[in-house]
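Novice: Here is the input, now give the coordinates:
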Amino acid sequence: MGALGLGGLGLADILRLRAQAAEPLSREETSVIFVWLPGGPPHLDMYDMKPEAPAEYRGAFTPVHTNVPGLDVCELMPRHAKCADKYSVIRSISHTFADHGGGHKKFLAARDPKSPVDTVNDYPACASVVAKSRESRQNGLPNYISMTDPGRDGVDVFAFGSAYLGPSYVPYSVPGDPSQADFKVPNITLDNSLSERMNDRQLLLNGFDRVRRTVDGSGMMHAMDGFNRRALDMLTSSRTRDAFDLSQEPEHVKQRYGKHAWGMRALLARRLVEAGCSFVTLVMENPYQSGVQFLKQGTYNWDSHAVNCHIWEDAQVRFPIYDQAVTALIEDLYARGIDKKTLLVVTGEFGRTPRVEHTVGSQTGVKQPGRDHWPSSMSLIVSGGGLRMGQVIGSTNSKGEVPKDRPLTPGDLWATVYHHLGIDTNQSFLDLAGRPIPILTDGSPISELI
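Specialist: Prediction:
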């Protein structure tokens with residue numbers, strides 16, 4: 001009370017001081033929120049703008065200063081400008097796989113895939129490695145959860161597959177738009193015949209409690225296989241129900257995130273890591289939902305070829321929604337004092353061509369600007385994890401074509417993630433032939449962040 005009154009400290013400051021005074025964080029308590037931007041976000045139009053480059057490279061937007069000197073972002077992301085001290089931009093990660101399939105597999109598994117196309121994993125996605133490494137954690141929640149658009153929840157849509165680790169380590173999938181009234185989470189509700197008779201929330205909760213008591217009393221839990229046990233744990237776990245219950249969030253918090261699919265997925269992700277989930281992937285793919293009108297010159301994902309969309313007009317819808325959801329998540333992690341526990345990573349599989357292309361759009365029938373696939377350079381952001389924020393790591397040349405200094409790989413990023421989670425990168429898992437395969441073959445934790 002005295003600190004609040006005399007020192008002018010806010011609640012976030014008190015929580016931060018309390019966290020600093022506490023015992024060191026156990027690695028078992030750490031978690032990751034991974035925001036996936038499939039299609040490849042345009043680095044020159046977001047985090048690595050080149051206002052001095054020729055017009056055919058620099059694009060249509062102007063960079064704005066952030067609260068970190070030397071770190072500029074796109075004018076369409078003003079909220080990023082206000083909290084740049086709470087994230088770091090990495091501008092020098094690159095690889096060589098220009099197809100979406102090869103790019104997904106290379107980035108998500110940190111290995112050169114056997115095929116440069118399709119999204120069926122040869123090696124486990126790194127998030128599946130996390131699930132395998134933490135399989136002993138039993139708290140009623142899956143260790144690995146993903147949130148996608150409806151119909152996009154298959155493990156092979158985004159190379160989320162677990163390969164030789166087996167199906168136990170794919171994400172527990174939650175498709176749909178959490179901002180909609182009809183949104184449901186699989187396996188945490190009772191069957192319709194019971195639910196329809198329970199209009200009162202308390203009666204429903206009592207129903208869950210009765211199921212739990214009956215199951216525990218019968219001893220049948222010990223007779224069920226792992227899949228069924230986990231499903232039943234989720235069905236009867238108050239931790240799981242509470243974590244997915246967005247009605248517990250104040251309206252002003254929902255408004256800050258944005259009451260659309262991307263914003264509510266981000267808010268759910270924060271609730272899930274607070275509840276104990278180790279790894280949450282949320283896909284921010286299609287902004288044209290939750291009441292956002294689809295542009296004829298827009299596109300579903302971040303694949304901003306000129307044939308797909310008018311990149312600048314699509315960005316005017318896409319970037320503000322992205323800006324709102326991502327910065328709300330960043331600021332919320334810090335405000336709630338879980339920034340050291342939780343590492344946030346926001347990325348796609350590659351960047352976009354520095355030189356702007358002009359092609360007739362398939363939907364518009366007129367020539368329009370766009371950018372093609374470009375794995376030779378890309379930008380991504382990280383936040384929290386107890387890492388060093390408010391900096392730019394690496395750079396690209398004057399046209400954003402290739403890394404200029406501090407070249408990095410997807411393996412370096414995942415080594416940093418594993419470091420945060422306390423996962424030994426020297427360990428191996430057996431493939432289908434019984435051979436030990438290291439979880440990481442290249443990469444070291446990014447020293448500027450550690």
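Novice: ok, and for the one helix or strand residue 315 maps to, which residues are buried?
Specialist: Residue 315 is located in helix 311-335, with elements delineated by DSSP states H and E. Under the neighbour-count criterion of 16 or more other C-beta atoms under 10 Å, helix 311-335 has 311-315, 317-335 buried. Using the backbone N, CA and C atoms, a C-beta is placed for each residue, glycine as well.
Novice: Which secondary structure elements does that helix sit against?
Specialist: Applying 3 or more C-beta pairs under 8 Å, 6 or more residues apart in numbering; DSSP states H and E, we find helix 311-335 packed against helix 11-21, strand 31-36, helix 78-82, helix 251-257, helix 261-275, strand 342-347, strand 367-370, strand 378-384.
Novice: and if we set it to 7 Å?
Specialist: helix 78-82, helix 251-257, helix 261-275, strand 342-347, strand 367-370, strand 378-384 (3 or more C-beta pairs under 7 Å, 6 or more residues apart in numbering; DSSP states H and E).
Novice: Pipe those into TSV and attach distance to residue 422 and mean pLDDT per row.
Specialist: Below are those laid out as TSV (distance: least, C-beta to C-beta, whole Å; pLDDT from 0 to 100):
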stretch	distance to residue 422	mean pLDDT
helix 78-82	30	98
helix 251-257	29	98
helix 261-275	15	97
strand 342-347	12	98
strand 367-370	42	98
strand 378-384	15	98
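Novice: In a markdown table, list those along with distance to residue 393 and mean neighbour count.
Specialist: Shown next, in a markdown table, are those (distance: least, C-beta to C-beta, whole Å; neighbours: other C-beta atoms under 10 Å):
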| stretch | distance to residue 393 | mean neighbour count |
| --- | --- | --- |
| helix 78-82 | 16 | 18 |
| helix 251-257 | 27 | 15 |
| helix 261-275 | 23 | 24 |
| strand 342-347 | 13 | 24 |
| strand 367-370 | 28 | 19 |
| strand 378-384 | 9 | 25 |
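Novice: can the ones you listed go into TSV with extra columns for distance to residue 171?
Specialist: Output for those, formatted as TSV (distance: least, C-beta to C-beta, whole Å):
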stretch	distance to residue 171
helix 78-82	27
helix 251-257	21
helix 261-275	12
strand 342-347	15
strand 367-370	31
strand 378-384	20
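Novice: out of these, nearest to residue 160?
Specialist: The closest of those to residue 160 is strand 342-347. By C-beta to C-beta, the value is 14.4 Å.
Novice: so how far is the helix holding residue 315 off the chain centroid?
Specialist: 13 Å (C-alpha atoms, centre = their mean, to the nearest Å).
Novice: tell me the mean pLDDT over it?
Specialist: Average pLDDT, helix 311-335: 98.
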